[in-house]
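J.: everything below, folded, please.
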Amino acid sequence: MKTSPRHSTENPGGMEIKPPGIRCNVVLSDEMLQLKLEQYFKNADFVAVTCSPGPLEPDKTDCYAVPAGMMRDLLYPENRPKMWLPVIVYGSHFFLAEAYSLGCTDFIKEPWYPEELDARVRRSCTTMPVVRGTRILMHGLTVGSCHGETRLKANELKVLRVLLRCMGQVVSRDTLYYTIWNCLPQNPSRVVDMHVSSLRKKLLSVLPGNNDLISHIRGQGYLLE
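T.: Now for the predicted structure:
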């Protein structure tokens with residue numbers, strides 16, 4: 001079952017302005033629950049739900065909603081997909097503590113309704129920035145997407161967060177230096193350039209083919225677009 005088309009808006013320069021709709025894979029075998037989800041999400045304007053008896057491949061969804069009895073299939077490190085995607089677990093409150101200890105994004109206690117799933121998916125996913133049409137999730141020092149994931153150093157993550165907040169705008173070297181060290185440079189320094197260069201290479205596993213993701217603007221700073 002698949003409902004609600006994805007949508008996005010791009011400006012002439014190709015940078016996405018409106019985030020695409022969120023794809024949620026609901027893992028279930030309950031036909032009545034599936035029917036309720038079909039009825040609710042067929043007219044949804046943002047969340048697109050696909051129901052299946054088992055988890056879909058990570059490139060076919062932006063998040064998962066799985067029953068508590070299957071949460072280990074996605075949340076155990078040796079079982080989860082290579083890229084980190086939000087996992088919402090649903091079931092009895094007896095599983096709540098274990099689900100959060102395993103790293104679930106959210107937990108829905110039974111009984112629950114499609115409206116609650118809609119709200120939880122929006123809350124879990126709309127804070128994830130969208131870069132060149134791909135939704136990015138940051139979990140600790142790990143940055144991932146439907147293409148793959150990479151682990152950043154703390155200072156690289158600081159730089160990335162600033163560039164994402166200012167996406168489409170040039171950020172000066174001094175601003176990025178201050179972000180890392182909480183002070184302005186007293187002498188010429190290449191530390192920012194080194195962190196940006198390393199960040200560029202690591203992000204290729206998250207956004208493959210985007211070698212020009214972070215541009216150096218001569219005399220001004222860096223631009224993420």
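
J.: please make it C-alpha for all contacts and neighbour counts, starting now.
T.: Noted.

J.: what's the helix or strand for Arg23?
T.: strand 22-27 (DSSP states H and E).

J.: between strand 22-27 and the host helix or strand of Met32, find me the angle.
T.: Met32 belongs to helix 31-41 when assigned by DSSP H and E. Counting by axes from the mean of the first three to the mean of the last three Cα atoms, to 10 degrees, helix 31-41 lies at 170 degrees to strand 22-27.

J.: what is helix 31-41 packed up against?
T.: strand 47-52, helix 114-125 (3 or more Cα pairs under 8 Å, 6 or more residues apart in numbering; DSSP states H and E).

J.: buried deepest among the ones you listed, which one?
T.: Highest mean neighbour count among these (mean count of other Cα atoms under 10 Å): strand 47-52, with a mean of 22.

J.: is it true that Val27 touches Val49?
T.: No: at 10.2 Å, Val27 and Val49 do not qualify as touching, with contact defined as Cα atoms under 8 Å.

J.: one step back: could you dump the helices and strands packed on helix 31-41 into JSON lines with mean pLDDT and distance to Val192 added?
T.: Shown next, in JSON lines, are the helices and strands packed on helix 31-41 (pLDDT from 0 to 100; distance: least, Cα to Cα, whole Å):
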{"stretch": "strand 47-52", "mean pLDDT": "93", "distance to Val192": "38"}
{"stretch": "helix 114-125", "mean pLDDT": "91", "distance to Val192": "30"}
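
J.: need those in TSV with distance to Asn210, can you?
T.: Below are the helices and strands packed on helix 31-41 laid out as TSV (distance: least, Cα to Cα, whole Å):
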stretch	distance to Asn210
strand 47-52	27
helix 114-125	23
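
J.: ok, which of the ones you listed comes nearest Leu224?
T.: Closest approach to Leu224 among these is made by helix 114-125 (21.0 Å; Cα to Cα).

J.: give me the pLDDT for the spatially most central residue of the chain.
T.: Closest residue to the average C-alpha location of the chain: Leu137 at 2.6 Å, with Cα atoms, centre = their mean. Leu137 carries a pLDDT value of 80.

J.: what count of nearby residues applies to Asp30?
T.: Per other Cα atoms under 10 Å, the neighbour tally for Asp30 reads 9.

J.: then Leu207?
T.: 23.

J.: that one is in contact with Val143, isn't it?
T.: No: counting by Cα under 8 Å, no contact exists between Leu207 and Val143, whose distance comes to 10.4 Å.

J.: hang on, the earlier thing: is it true that the residue nearest to the centre of the chain touches His147?
T.: No: using Cα under 8 Å, Leu137 is not in contact with His147; the gap is 11.5 Å.

J.: find the nearest non-adjacent residue to Ile108, please.
T.: Leaving aside its sequence neighbours, Ile108 sits nearest to Tyr90 (Cα to Cα, 6 or more residues apart in numbering; 4.6 Å).

J.: name the SS class of that neighbour, please.
T.: Three-state assignment for Tyr90 (DSSP: H, G, I helix; E, B strand; the rest coil): strand.
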